[in-house]
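S.K.: model this:
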Amino acid sequence: MNAFDYKRAATADEAVSSIGAGKFIGGGTNLVDLMKMGVERPSGLIDVTRVPLTEIEEHNNGVRIGGMTKNSAVATHPLIRKDYPVLAQALLAGASAQIRNMATVGGNLLQRTRCFYFYDPSYRECNKRAPGSGCAALHGYSRIHAVVGGSDHCIATHPSDMAVAMMALDAVVQVKGAGGERSIPITEFYRLPGATPQIETTLKHDELITAVDLPAPIGQKSHYLKVRDRNSYAFALTSVAAIVDIDDANRIRKARIAMGGVAPRPWRVHEAEDALTGKEPNPASYSAAAEILMRGAKSTRYNAFKVELAKRSVVRALSVAVEGEADA
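M.R.: Take a look at the predicted model:
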């Protein structure tokens, strides 16, 4: 780990004015690992853990979650468990209890990929670490990598469970920087890799995530499904946040579907949701939506299984959201 300056900020304004060429650090559950590996080499760290942004409160018919709120606090909060259970489920499916007690909402949104080649600087081919050097995963062991949304420059996946649920919930990220405050819909927060995979979000360097707003819930039928190699402390091979609103005629009034583990960002295709509107809630309808979500999938030798797994995960998540765990 390289030497760096350290400063603890007491307010968001102080943090923003102090950032310089450094980085903000909250729980440090991702950044510190990257620094130890030599992937990240910030000249300074601005500790924002004391910035008073930890409230979870009603806001504009929805909920506002402070950017410094711990993941564990969000997962167990009565407002979240009651009105946004898919978010609580996603958070509890992520990492471990110890990490959830340290990780912050803002840091979770900004965590970087767990690509083997990105994490290990001994592999020189990584366009995220060294733009223009190539992508080792394209011709290497790519089991955990993306099957949709990738490019010839990068097929890494975004690792967050929380971000997948927030994508389905149409969250809005509130940020503060030297240029003032702004609101970024989460659908516009993450960038696809294209030719610049090192640029992962639309966040500016000096902008701090101060809060995340969740709009009024669209319905109580929801489920977060995470498919992984083991039940604890493992990233998703595929995951699905499904929210469904059923009308009195047993037709789907609204649906939201977001996926994790399959793309460089939380994956959502509005056409798939539109395809469910007005349909009966049954496996045939869900399967049609899943086909749209995986349209154009491009797999490699080691991750071809993900395409079918993702489709089946969508059907399963929607079925459980509507009917519950009938076979549990």
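S.K.: so where is the protein shaky, pLDDT-wise?
M.R.: 326-328 (pLDDT under 70).
S.K.: doesn't Lys306 fall inside a strand?
M.R.: No: per DSSP: H, G, I helix; E, B strand; the rest coil, Lys306 lies outside any strand segment and is helix.
S.K.: how many residues are close by it?
M.R.: By other CB atoms under 10 Å, the residues close to Lys306 number 27. Every residue, glycine included, has its C-beta placed from N, CA and C.
S.K.: dump the residue contacts of the closest residue to it other than its chain neighbours.
M.R.: Take Lys306 and drop its neighbours on the chain: the residue closest to it by CB to CB, 6 or more residues apart in numbering is Val147, 4.8 Å away. When contacts are counted by CB atoms under 8 Å, 6 or more residues apart in numbering, Val147 touches 262-263, 294, 297-299, 303-304, 306-307, 310.
S.K.: how about 10 Å then?
M.R.: 155, 157, 238, 261-263, 267, 294, 296-300, 303-307, 309-310 (CB atoms under 10 Å, 6 or more residues apart in numbering).
S.K.: these, buried ones only, as a PyMOL selection?
M.R.: Only the buried entries of the contacts of Val147 go into this PyMOL selection, using 16 or more other CB atoms under 10 Å:
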select buried, resi 155+157+238+261+262+263+267+294+297+299+300+303+306+307+309+310
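S.K.: from the contacts of Val147, which ones fall inside helices?
M.R.: Those of these mapping onto helices are 305-307, 309-310, per DSSP state H.
S.K.: got these as JSON lines, with distance to His77 columns?
M.R.: As requested, the ones in helices among the contacts of Val147 are arranged in JSON lines below (distance: CB to CB, whole Å):
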{"residue": "Phe305", "distance to His77": "36"}
{"residue": "Lys306", "distance to His77": "33"}
{"residue": "Val307", "distance to His77": "36"}
{"residue": "Leu309", "distance to His77": "32"}
{"residue": "Ala310", "distance to His77": "30"}
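S.K.: could you pull out the strands for the stretch 51-200 of the chain?
M.R.: 56-59, 62-66, 172-177, 180-185 (DSSP state E, counting those that start in this stretch).
S.K.: which stretch among those comes nearest His77?
M.R.: strand 56-59 (4.9 Å; CB to CB).
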